[in-house]
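Asker: Fold the following, please.
(chains A and B)
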Amino acid sequence: MAEKVNQTQNFLKGIVKDNPVFVMLLGMCPTLGVTSSAFNGLGMGVATMFVLLMSNIVVSLVKSQIPSKVRIPAFIIIIASFVTIVEMVLEAFVPFLYEQLGIFIPLIVVNCLILGRAEAFASKNNILSSIVDALGMGLGFVVALTVLGATREILGSGSIFEFKFVAEDANTFILFILPPGAFIALAYLTVLFNKISIKTT
Amino acid sequence: MSKKKDTFINMLVSLFVITIISGFSLGYVNDLTVGPKAKAKLEKKVNALKLVLPTFDNNPVEDVVLIKAENVKDSVEVFPAFENNKFVGAAIIGSTEKGFSGLIKIMVGFTPEGTIENIVVLEQKETPGLGTKMKDEKFLAQFRTKNPSTYNLKVNKDGGEVDALTGATITSRAFGEAVQMAYNEFMKNNDSLIALKN
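Answerer: Residues are numbered from 1 along each chain as shown, chains lettered A, B, ... in the order given. Coordinates of the predicted model:
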C-alpha cells in the first residue's frame, strides 16, 4: 500500500465520477428488471449495497490467503453466501419486499458490480478503503435505482412511493412500467447524468 | 503478507476452507430464520382469512380440509369457519396457471349459500402496474356479494360480467377462472363442511 488513498474522493467517485449505473453501466439486470417503482428500486439498491459492503470487507480480509488462480470462484462463493443470507432474512422479516423483488434477489450473485469491485478494488486495497469504496459504490447504485424507479413510477403509474397524485383512472404512460420503458428511461437518465456531471467537473 | 503461490494444494485448501465456512454460516442463518419465515407465512394466511370470511370463532387454520380436485396439481385447501358451532362460510384457495406470467393464487371467502364474501390475492407474478391491479379495491369490489351461480365470471369480452383490467385481459380472465374453480370446489363440498361440526 504505497500510495495513500484519499477517502473522501474514494467515497464520492462511486456516486458521481464512476457511478455504477449511469457511468460504468454495471449491474444492468436488476437495474432494468425491478425498477418499476421507486420503492422496489430502493429495496433492491439497499440489498445490493449490503452484499457489496460485506463482500468487499471479507475479500479485503482474505485477499492474501487466496491464490490468484482460484480468486474468482472464491469471490463468487463469498458473494453467494451473503446473497443467500439476504434472501433468507428478507423472506423471514420483510416478506412484502421479498415477494416484490422475487427472482432478482438470488440474481444479485451475478451482479457484475459486486464481483467487479471485489476484483478491481477490494482485492488490492486495505479494509478501510474497501469499506469506503463499497459504501460509495453502493450508495451510487441505490440512488441510481431509486431515481430510475421513481421516474418510471411517476410516468407510468402517476405516483411516487405508492402515493398517487393523479386521478385513480387517469391515463398514464403504461409503457414506462413495462420492460421497454426501463430501457428508454435509463437511456435518457444516463444522458442527463453525464451532461450534468461533465459540466461540473 | 505476500500472496499465496498457485500450487495445487494451496488452491485446494483455500477453496475448501471458504466453502466450509460459508456452508456453516448459511446453515446457522437458516436455523435462525426458519421460525420467523414460517410465522410470516402463517400470519399472512390468518390475515387473509380474517379479510375474506365473516366473523368466526374457531381456528380455520387448524380445521383446514384438503380436497383432491381434478385439474389441479396440489390438493385444494379449504378453511371452514364456524360461529357458535354454526357454519358461517368457508375460504378456499383458488389457483390457476393461466395468468400472464403463470401461477395466480387467490383466497375466496364464501357464505354458506355460495355468495362471494371477499377475495384476497395470495400469490401472483403479473406485470407490475397492469396485471397487479387485480389486487386493487376497484377490481375486487365487483365480485363482492355476487353468487357465481347467477353471476358469469368470464370477462366482458368473452360474454361474461367481469369488467376486465385495462391492458390485462389475460390476468382478468385467469382471475375469473380461479374464482370459478374455488366456487366449484365449495359447492361440491358444501355438505361435508357443514357436517364437520356435527
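Asker: tell me which parts of chain B are close to chain A?
Answerer: Counting by CB under 8 Å from any CB of the partner chain, chain B comes close to chain A at B:1-7, B:10-11, B:14-15, B:18-19, B:22, B:25-26, B:29-30, B:33-37, B:40-41, B:44, B:123, B:125, B:127-130, B:138, B:167. Every residue, glycine included, has its C-beta placed from N, CA and C.
Asker: Residue B:14 contacts residue A:66, doesn't it?
Answerer: Yes: contact criterion CB atoms under 8 Å: residue B:14 and residue A:66 qualify, at 5.2 Å.
Asker: between those two, what contacts are shared?
Answerer: When CB atoms under 8 Å, 6 or more residues apart in numbering or on different chains defines a contact, the residues bordering residue B:14 and residue A:66 alike are A:74, B:4.
Asker: got any ranges where chain B has weak pLDDT?
Answerer: B:1-3, B:69-74, B:128-129, B:195-198 (pLDDT under 70).
Asker: Return the subset of the residues of chain B next to chain A lying in strands.
Answerer: residue B:123 (DSSP state E).
Asker: Show me which of residue B:14 and residue A:66 is the more surrounded one.
Answerer: Between residue B:14 and residue A:66, residue A:66 has the larger neighbour count (other CB atoms under 10 Å in any protein chain shown), namely 24 against 19.
Asker: The most centrally placed residue in chain A is in what secondary structure piece?
Answerer: Nearest residue to the geometric centre of chain A (CA atoms, centre = their mean): residue A:141, 3.5 Å. Under the criterion of DSSP states H and E, residue A:141 resides in helix A:127-157.
Asker: Which strands border the helix or strand following that helix, and is each parallel or antiparallel?
Answerer: Following helix A:127-157 in sequence order, the next helix or strand is strand A:159-160 (DSSP H and E). The pairing partners recorded for strand A:159-160 under DSSP bridges are strand A:163-164 (antiparallel).
Asker: outside of the partner strand, which residues touch it?
Answerer: With contact meaning CB under 8 Å, 6+ apart, strand A:163-164 is reached by A:157, A:158.
Asker: quick check: mean pLDDT across that strand?
Answerer: For strand A:163-164, the mean per-residue pLDDT is 76.
Asker: Could you report the distance from the residue of chain A found nearest chain B to residue B:168?
Answerer: Residue nearest to chain B within chain A: residue A:177 (3.4 Å; CB to the nearest CB). Applying CB to CB, to the nearest Å, the value for residue A:177 to residue B:168 is 11 Å.
Asker: Quickly list what's touching both of those two.
Answerer: B:127, B:130.
Asker: OK, contacts around residue B:37?
Answerer: A:88, A:91, A:92 are the contacts of residue B:37 under CB under 8 Å, 6+ apart.
Asker: Please identify which helix or strand holds the closest residue to residue A:86 other than its chain neighbours.
Answerer: Once flanking residues are discounted, residue A:86 sits nearest to residue A:47: 5.4 Å by CB to CB, 6 or more residues apart in numbering or on different chains. Using DSSP H and E, the element containing residue A:47 is helix A:38-62.
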